[in-house]
Every structure is written in structure tokens, then in C-alpha cells.
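J.: Pasted the sequence and its predicted model underneath.
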Amino acid sequence: MVLEVAMLNIKVGLWQEFEKDFRKAGQYISSIPGYRYHSLQKCIENPDKYMLLVEWDTLEDHTIGFRKSTVYAHWKELLHHYYDPFPVVEHFEKIEL
């Protein structure tokens, strides 16, 4: 399992529109093989900041399966114009302790 994490800074004042479009965009990411779930967390101190968490079976399910898919264009069209700056996306794996 791989956890994708992205801090999303939304252009000031557009958080309501972003949340509406993000709800629509969920259908695209969830259609990809290897997708497990996603969660969008809103920052309490800054209403224009979010944390996106997406769980994938493998790194390639995200980097190739999603980003190189035709549905990614729809995701991008709905969401990418909200970001300022464009988010850094990182991937994490669980360490067994």
C-alpha cells in the first residue's frame, strides 16, 4: 500500500468552488485500478489550505495508472486552476514497527 499526500493551497476565496469541483472529481480518481480511497482534509487555521490523502495499491497505480489515463484530463480540468502554488505530491509507505 502506498499513501499519496499533497498539501493543496487554493487561491484565496475559492474554497467553496474548489470543494464543489473536488466532489465531482472524485469519480475520476476512484475509477482507476489500484485506487483504494481518498480523503480531503481542510485546515482549521487557513480555510484555503487542504491535505489530500489517497491510498493506492502501488506507486505505479498513481504515477502511471492515474496520471497517464484519459480520466486524469478531467481531474486536471476541474482542479488544477485552483492551486497556488501547484502542490508537491509525495508518496509514503507504512513502516512496520
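T.: Looks like it came in fine. The shown structure was predicted, so the numbers you read here are calculated from the model rather than taken from an experiment. Numbering: from 1, shown residues only.

J.: pull the longest helix from this protein.
T.: The longest helix of the chain (DSSP state H) is helix 15-29.

J.: Could you list every helix and strand in contact with that helix?
T.: Packing partners of helix 15-29 (3 or more C-beta pairs under 8 Å, 6 or more residues apart in numbering; DSSP states H and E): strand 35-42, helix 71-79. For glycine as for every other residue, the C-beta is placed from the backbone atoms N, C-alpha and C.

J.: So for it, mean pLDDT?
T.: Summarised as a single mean, pLDDT over helix 15-29 is 97.

J.: again with stretch 48-55
T.: 98.

J.: Just checking the distance from that stretch to the centre of its chain.
T.: Offset of stretch 48-55 from its chain centre (C-alpha atoms, centre = their mean, to the nearest Å): 6 Å.

J.: Same question for stretch 69-86.
T.: Its chain's C-alpha centre and that of stretch 69-86 lie 9 Å apart, by C-alpha atoms, centre = their mean.

J.: got the buried residues for that stretch?
T.: Across stretch 69-86, burial judged by 16 or more other C-beta atoms under 10 Å covers 69, 74, 75, 78, 79, 82.

J.: ok so the first one is a helix residue?
T.: When you say that, I think you mean residue 69. No: residue state for residue 69 (DSSP: H, G, I helix; E, B strand; the rest coil) corresponds to coil; a helix is not indicated.

J.: right, and residue 48 touches residue 11 too?
T.: Yes: when contacts are counted by C-beta atoms under 8 Å, residue 48 is listed as touching residue 11 (7.3 Å).

J.: Compare these two (neighbour count), which wins?
T.: residue 48 (17 against 13; other C-beta atoms under 10 Å).

J.: any idea how far that one is from residue 7?
T.: In this view, residue 48 and residue 7 are 11 Å apart by C-beta to C-beta, to the nearest Å.
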